[in-house]
Each structure stands twice: as structure tokens, then as C-alpha cells.
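Colleague: Turn this into a model:
(chains A and B)
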Amino acid sequence: MPTLILRDFDRAIDRVHALFDGWDADGTFDDVLGDDGLHVFRLMTHEWVANLIQHAAYHEDREIRIGIEIQGDVVRCVIEDSSSGFDFARQIEEQKAILSAPAPSERGRGLLMLVTCAEDLSFKPATQGSRQRVAWSLRDPAGGNLAPLFRPVDIAANAPNSPSACDESLSVATVSQSPSPVSPSPSP
Amino acid sequence: MSFTFQKASATATVVRVGKALDFRNAAEFKAACQEHARQGVRYYVLDFSGTGILDSTGLGVIFSLYRQLTPAGGQVVFASVSRPVQVVVQLTRTYKVFRQFPTVEAALEAHKNAPSGTAEQVSQRPTGTA
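Modeller: Numbers count the residues shown, from 1 in each chain, chains lettered A, B, ... in the order given. So this is what the prediction gives:
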């Protein structure tokens, strides 16, 4: 699958969704991701790209490169960008703290959603001479680690208006923050 | 902006969220909701029937509205929830906060039948319209 290269940030998120709309229409990932997987994958990609558009600082030409491909029974995503990067682990800790507050928070769910859904998440911070890079895999939510979140019985068992119980599903797996992340698989 | 407001009564309004509620239009959505709240709206039915994108920023402004309304007995409910939005609801378990109705009409009916015309609790269980 071709690498999506985003330089016009005014149109970046639209281009991401146009890509997913095409996959949704032709069922590209149906066999791997099942009924809900593409929605989850779209959300994860959206959250990361939105973060790069809204919050990242760029000292050179702005560019985001997205590579997505099927690898066996998972879909793998690698995103590189030309920003000066950010402290991923600290952001996660901050979001966890926000969500631990008694009242539902207005912010602080995006990265947690990504981390919760991802398998084999790796993150490489930007350094001189190398770009920030994140990579993750996703398998069919119905059969993977997300399955409990999609059980109808789980929904019915929980009455609304219990804000303190909200977001408890956003438990965070360990983020692999490595100087040598997975190689991106995007084809040129 | 893709959302529209349609007043259903003096205290209730239906918000047709449209294709997306995300970081691009969340601030505008929040301002519009606050303006309606100033005009006395206390019951918001968010119609997600045509919504393909609800991101964390969009969900955040809904929580902001929830926090603004609940001290005054107000309520935010979801109706006709599309599958992409239902995925977000499942991942964040926000079905524990926002009631879901299969249709906008069902949500308005629940409000109409609530005691004293306020946004009282209704017994309907959350439902998705996948």
C-alpha cells in the first residue's frame, strides 16, 4: 500500500479519512479487522495525526508520512513526522492523571485510546538526524485484547450516569520507547 | 461546521452532529451549545446518525456540556448512534454517562414523559444502532 505523505496540514485530516473511506468502501481490511476494526484503526490514526497537527512544533518543513499494511492477522501502521517531537510517556501519565479526577474531564483521552487499542506499540522520539516515529499493530477487536469492551452484556450491565466508572477501560499498556523502533513498512 | 440545532421545546433541542465532531469544529460546537444553554436549553439530544468521526476532542466538548448542565438538572443523551461513534463510546465506556436511544423521537419522548418536564432519569438501557 502506498505511503500517504501529508504536507498541507489544512487538508491533512481530510486526506487521512479519504484513505480510510476508500478502504471502508472496498473492504480492504475486512478479513483481518472484522466489523469494527477499521473504525478503531481510523480512530487511532486520526488521534495521532490530530495530535501532530494541533500540538507538535516543527523546525523544518512540516511533513507526516503514514504507512499501513497487512501483516498476517494484524494491520500495521507506521507514522513518521518532521516535528521536534514530544515526550510520549509524560503525555500518557498526564492523561491518566486527568482521567483520574473525580469529574469527567474535557480532555485527555486521545493518546490513551490509541495506547489502549494498539498492540506492539513502539515510539521513537525525534533526535538530531532522525524523525519522531510511532508504530503499532491492530487485530480484529472481536478476537483481540479489545474484545471485552465490545461485549453486549458488558454494556447492559452498566447503568448510565456513573461518571467515575467512565474511562476505566482506558488502561494503558507499557509503551515501548526505544531508540530503534520497528522499521516502517510503507512502500514508496 | 456540520452540526445543526433544532429546538424541540423550550428546554430541549436536537443537535444533528453531522459527519464529524472533532478537533476541527469542537470549539464551534461548544460555543453553540453554550449559547443554547444560555437560552434555557437543558436537554440535549445528540443525533449521531450520520457521524463518521467522533474524536477525543469532540468527546471532550460533550463532557464539557455535560458538566455545565448536570448541576442544573440538565442532561445530554445520544440518539441514532452510528457504528464509528459507538466504537468510541465502547472504548471510553461513556455509555455509563450518556444514555443512548435508538431514535431521536425516543429520546424526546423520554424527556416529555419525565416528571416536571425536566431531564429526569429514564429507565431505558443504552442501545446502539449498529
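Colleague: most centrally placed residue in chain A?
Modeller: By Cα atoms, centre = their mean, chain A has its centre lying nearest to A:M44, at 2.9 Å.
Colleague: ok, so what distance separates that residue from A:S137?
Modeller: Here A:M44 is placed at a distance of 10 Å from A:S137 (Cβ to Cβ, to the nearest Å). Using the backbone N, CA and C atoms, a C-beta is placed for each residue, glycine as well.
Colleague: With B:Q39 instead?
Modeller: 48 Å.
Colleague: Now the residue of chain B found nearest chain A: closest residue in space that isn't a chain neighbour?
Modeller: Distances between chain B and chain A by Cβ to the nearest Cβ are smallest at B:S56, namely 3.6 Å. In space, and not counting its chain neighbours, B:S56 is closest to A:G110: 3.6 Å by Cβ to Cβ, 6 or more residues apart in numbering or on different chains.
Colleague: Let me know the pLDDT of that neighbour.
Modeller: Here the pLDDT value assigned to A:G110 is 86.
Colleague: Next, the contact list for it, please.
Modeller: A:47, A:50-51, A:95, B:55-57 (Cβ atoms under 8 Å, 6 or more residues apart in numbering or on different chains).
Colleague: right, and the residue of chain B closest to chain A touches A:W48 too?
Modeller: No: using Cβ atoms under 8 Å as the test, B:S56 is too far from A:W48 to be in contact (11.0 Å).
Colleague: Please enumerate the strands of chain B.
Modeller: Secondary structure of chain B (DSSP state E): strands at B:4-7, B:12-16, B:20-21, B:43-47, B:53-54, B:75-79, B:99-101.
Colleague: now chain A
Modeller: A:4-6, A:64-71, A:74-81, A:119-124, A:132-138, A:176-177.
Colleague: can you redo those strands as a markdown table with distance to chain B and mean neighbour count?
Modeller: A markdown table is the format used below for the strands of chain A (distance: least, Cβ to the nearest Cβ, whole Å; neighbours: other Cβ atoms under 10 Å in any protein chain shown):
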| stretch | distance to chain B | mean neighbour count |
| --- | --- | --- |
| strand A:4-6 | 15 | 18 |
| strand A:64-71 | 15 | 19 |
| strand A:74-81 | 15 | 22 |
| strand A:119-124 | 15 | 18 |
| strand A:132-138 | 12 | 23 |
| strand A:176-177 | 21 | 14 |
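Colleague: Now tabulate those strands in TSV and tack on mean pLDDT and distance to B:V104.
Modeller: Output for the strands of chain A, formatted as TSV (pLDDT from 0 to 100; distance: least, Cβ to Cβ, whole Å):
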stretch	mean pLDDT	distance to B:V104
strand A:4-6	97	36
strand A:64-71	96	36
strand A:74-81	96	35
strand A:119-124	92	37
strand A:132-138	95	33
strand A:176-177	56	44
